[in-house]
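Peer 1: Give me coordinates for this.
(2 chains)
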There are 2 protein chains.
Amino acid sequence: MLETLDLTRSVSKSEFKDVMPDLEIRLGNLQREAKDAGIPVLVVFEGWDAAGKGTLINELLLAMDPRGFVVHPYKSASEEERLRPYLWRFWTKLPERGRIAIFDRSWYGRVLVERVEKLVPKSVWSRAYDDIRSFERQLADDRAAIVKFFLHISPSEQKKRFKKLENNPATAWRVNKDDWKRHRQYGDYLEAVEEMLARTDADFAPWTVVEAHDRRFAIVKVFQTVIAALEGALRDRRGRAAPTESRRESDPLPINVSSSILGQIDLTLSLEREAYEKELRLCQARLRELEHEVYRRRIPVVIVYEGSDAAGKGGNIKRLVRGMDPRGYEVIPIAAPNDTEKAHHYLWRFWRSLPKGGHIAIFDRSWYGRVLVERVEGFCRENEWKRAYREINEMERQLADAGSSILKFWIQIGKEEQLRRFEERQNTPAKQWKITEEDWRNREKWDAYCMAVDEMLYRTSTAYAPWTVVEGDCKLHARIKVMKKVIEEIEKRL
Amino acid sequence: MLETLDLTRSVSKSEFKDVMPDLEIRLGNLQREAKDAGIPVLVVFEGWDAAGKGTLINELLLAMDPRGFVVHPYKSASEEERLRPYLWRFWTKLPERGRIAIFDRSWYGRVLVERVEKLVPKSVWSRAYDDIRSFERQLADDRAAIVKFFLHISPSEQKKRFKKLENNPATAWRVNKDDWKRHRQYGDYLEAVEEMLARTDADFAPWTVVEAHDRRFAIVKVFQTVIAALEGALRDRRGRAAPTESRRESDPLPINVSSSILGQIDLTLSLEREAYEKELRLCQARLRELEHEVYRRRIPVVIVYEGSDAAGKGGNIKRLVRGMDPRGYEVIPIAAPNDTEKAHHYLWRFWRSLPKGGHIAIFDRSWYGRVLVERVEGFCRENEWKRAYREINEMERQLADAGSSILKFWIQIGKEEQLRRFEERQNTPAKQWKITEEDWRNREKWDAYCMAVDEMLYRTSTAYAPWTVVEGDCKLHARIKVMKKVIEEIEKRL
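Peer 2: Take a look at the predicted model:
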């Protein structure tokens, strides 16, 4: 997931000067409101070495009343700490109601550095996920607001920063052998970080990954995230006290800082017809062979298609299965739930249609409707779609544990291209059935959908069930990209 | 925990005839109300072979509208099921909103029979706890009511029932070799059952152990538990819809069926002064030696004392530590929380005072205040103390994982004995400070406290942190019992 983030994001100097004074005032006010409401606040900073944690924490502090917070820098465990359960030193540092505790590195040390450096055996660090989840859940049940940041930079950026520090005599001491050693282990750490993000993201204690190449962008993102979290906690608190009272709407935040995966994809990617035909034949032949192997080895395969309206999911699926033996796959189109389905948990109908070992289930739309259309159209409550990320991750983990291969494709087209296709459908009698009033209405919510898609890609990309974003403006490119990915994934399993 | 239950509990024929018609009507009404409210209900029956699951399920069904429920008998996995994730076959059997599904054996098969019979490796069944918890939490978040029964009989009762079935030609076929094999493995199953009860008990899906020697008692307990669960679910649902509406109080249930551990202890146990003096000297000498061993091996030891007012906790602790080196232990008296403590999570102050490796912490009252005095006196909300069982189990598991030995003592005295001691305190000038108005007030809530104690013993006795109930009417007996238990536990660790 981290590797798909757009690290070039930035905020200009003038924008920064425009928005920061307000954000600082707003944060200061919220700190006071949280104090009056008795909400304990925990802010966690994790991230790569040299990602700028120190700077960010300082910026945050400057906006706040110093009597209301405390910063806990991470130190390796003291003798006192080593003789007690791992979480003891964090329990003892918890903020009182109304106060803010900032953790410069935190209880995640066990599943990051202690894991990667092999300071503790696997049985210990893997148990820690459970402990951490129950720790955060206990605090949240007691009404704490929990904000967790992971500051992300690329390995080359890290190297550049290390070099720069080394070349300046005044800062050379800040980079040592261990830093370089960890730099060389970037890949191992990446794996640990990804697992951590996937396993400890929760609606009551969500992770925010901060693209930290640009200092100003990172500062704005941290401020806005803390502001949104405090406003949310205060709303909940008020909501609990007086649910009928009309809720104060928060002012919008000035800069869009959500991690955008969509924003950076290259929609100009395309494939010539001739090359396409050749690739298509090869892929279809290979897929047929693989389908038999999958059957022979009793591997269940789950393929999920999601995408914008008119992205070309149907045609894509058609090409994927054309060469395959229909006894080995099933295409499952997902429409709005019927009455029986509505009378169950929203995941129920998807559980029912899971493939058995040896079969390939292709979902044309899927359980992700919960965090896409149901979210954007308000068909479910906010707490329901927020909870759904974790529920979905849990379901997919169970599928993976049971041996499934899981492939998820998001097919994205540009707004202009969508318009072109809508108009084409409207003007072609044979295609008119494909376009409805609803499609036009959805199109008006383009930005809201993009935001939902980005959050979905971000919160449900896991090692065991990753998303592949497919550039869909050229249908030929999109079809071959999906087929090659399916082939690659299945070959990996054989 | 199971072994401490009172299996002799029974309901007489005439009592049974008195209460059942009402319970049946009430259950029937609740079924309709749950239907109208759209609450899906899951009732799980687990238990020993020949514990009477079939009979109980039938009784339950007879009281209900047959159009509203379905029974799912357990079968070993079909081919279809084996080729899918474990929980698939239960997801597909979930009831619609407003309907009731009864599971005759359930998703717990993986951590019981599949575990004990070694049908799946440890990595698989131990992962299943996570899957089961997330399954039940997802359903409860979606407002399902979940009721889980474990029908408990002793191995000798099981043997008796098997023989009886075998001796009757009409029923002989019901007992086969596998049943006898499982009977011989009663101990292995017991271990698995205890772990299951401890790890999958949750406020949203609690376990109820049913003492099933007496058929009538078991029927009443099952009916009353289902009635209470449905009434609770309906209350929650109404509470959500209209929190200001005054909640309808449920009628009390006719027979007290809560598992009573207190009810069966023998308060006449006592020790002569002479024998006491001799034992005391031996125990104290041994404890001093063990304290040094504990220190040398850096084992943290947590000893919790809870008990009725005037149960003699103070005197008991005094004898326990008399021979010990004060550098190795600490007695931590727990009073009502001060302002700083109140400004944190209720477990915070206990985390702070956990002993480090090599030290013995003796808590005179403890975190169990949450589910005792705070529950009975209404110092915390119902959802808070209900949640606390799990929070406490999680904390103690973390202590155990970090190498702690955990001993918990509940010292119980009879109501008469308490009165005698209260009066003695009042009439002895040197002891008057020990008795306050509050003690007399608490005494008036004797029954409510007993019920809270029983539920505490029942929900927080775990393999890693078991309770020992100490008969306290004879203080000499109580002191020696505690010391011997501490010695035994520490010796086990060395």
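Peer 1: how about the helices of the stretch 151-300 of chain A, start to end?
Peer 2: Using DSSP state H, counting those that start in this stretch, the helices found in the stretch 151-300 of chain A span residues A:155-167, A:177-184, A:186-199, A:215-241, A:273-296.
Peer 1: Apologies, that question was intended for the stretch 1-150 of chain A.
Peer 2: A:13-37, A:53-62, A:79-82, A:88-91, A:113-116, A:122-141.
Peer 1: how about those helices, which one is nearest residue A:188?
Peer 2: Among the helices of the stretch 1-150 of chain A, the nearest to residue A:188 by CB to CB is helix A:113-116 (5.0 Å). Where C-beta positions appear, they are placed from N, C-alpha and C, glycine not excepted.
Peer 1: ok, and what's touching the closest one?
Peer 2: A:119, A:120, A:122, A:125, A:185, A:188, A:189, A:192 (CB atoms under 8 Å, 6 or more residues apart in numbering or on different chains).
Peer 1: so how far is that helix off the chain centroid?
Peer 2: Centre-to-centre, helix A:113-116 and its host chain are 23 Å apart (CA atoms, centre = their mean, to the nearest Å).
Peer 1: for it, what is the average pLDDT?
Peer 2: Average pLDDT, helix A:113-116: 94.
Peer 1: do stretch A:398-409 as well
Peer 2: Average pLDDT, stretch A:398-409: 94.
Peer 1: where do the strands sit along the stretch 351-494 of chain A?
Peer 2: In the stretch 351-494 of chain A, the strands defined using DSSP state E, counting those that start in this stretch lie at A:360-364, A:405-412, A:467-471.
Peer 1: Output the contacting helices and strands for the longest one.
Peer 2: Secondary-structure packing of strand A:405-412 (3 or more CB pairs under 8 Å, 6 or more residues apart in numbering or on different chains; DSSP states H and E): strand A:301-307, helix A:313-322, helix A:382-401, helix A:446-460, strand A:467-471, helix A:475-493.
Peer 1: Residue B:325: which of those is closest?
Peer 2: That would be helix A:382-401 among the helices and strands packed on strand A:405-412, by CB to CB, at 49.3 Å.
Peer 1: for the helices of the stretch 1-150 of chain A, which one ends up most surrounded?
Peer 2: helix A:88-91 (a mean of 21; mean count of other CB atoms under 10 Å in any protein chain shown).
Peer 1: So it, near chain B or not?
Peer 2: Yes: counting by CB under 8 Å from any CB of the partner chain, chain B has neighbours in helix A:88-91: A:88, A:91.
Peer 1: which residues sit against that helix?
Peer 2: Contacts with helix A:88-91, where a contact means CB under 8 Å, 6+ apart, come from A:77, A:78, A:81, A:103, A:106, A:107, A:135, B:347, B:348, B:351, B:352, B:354.
Peer 1: Enumerate every residue touching residue A:55.
Peer 2: Contacts of residue A:55 by CB under 8 Å, 6+ apart are A:215, A:219.
Peer 1: residue contacts, the residue nearest to residue A:33 when sequence neighbours are not counted?
Peer 2: In this structure, residue A:33 finds its nearest non-sequential neighbour in residue A:234, 5.7 Å apart by CB to CB, 6 or more residues apart in numbering or on different chains. Going by CB under 8 Å, 6+ apart, residue A:234 touches A:30, A:33, A:34, A:37, A:39.
Peer 1: Count the residues that sit near the last one.
Peer 2: Translated: residue A:39. Neighbours of residue A:39 under the rule other CB atoms under 10 Å in any protein chain shown: 22.
Peer 1: That one contacts residue A:233, correct?
Peer 2: Yes: between residue A:39 and residue A:233 there is a contact under CB atoms under 8 Å: 5.3 Å.
Peer 1: Need the overlap of contacts for those two.
Peer 2: Shared contacts of residue A:39 and residue A:233, defined by CB under 8 Å, 6+ apart, comprise A:143, A:145.
Peer 1: separation between residue A:488 and residue A:1?
Peer 2: 18 Å (CB to CB, to the nearest Å).
Peer 1: er, residue A:193 I mean
Peer 2: Distance from residue A:193 to residue A:1, counting by CB to CB: 9 Å.
Peer 1: Between residue A:488 and residue A:1, tell me which one has more neighbours.
Peer 2: Using other CB under 10 Å, the more surrounded residue of residue A:488 and residue A:1 is residue A:1, with 20 against 10.
Peer 1: neighbours around the closest residue to that one other than its chain neighbours, how many?
Peer 2: Once flanking residues are discounted, residue A:1 sits nearest to residue A:461: 4.0 Å by CB to CB, 6+ apart. When counting by other CB under 10 Å, one arrives at 22 neighbours for residue A:461.
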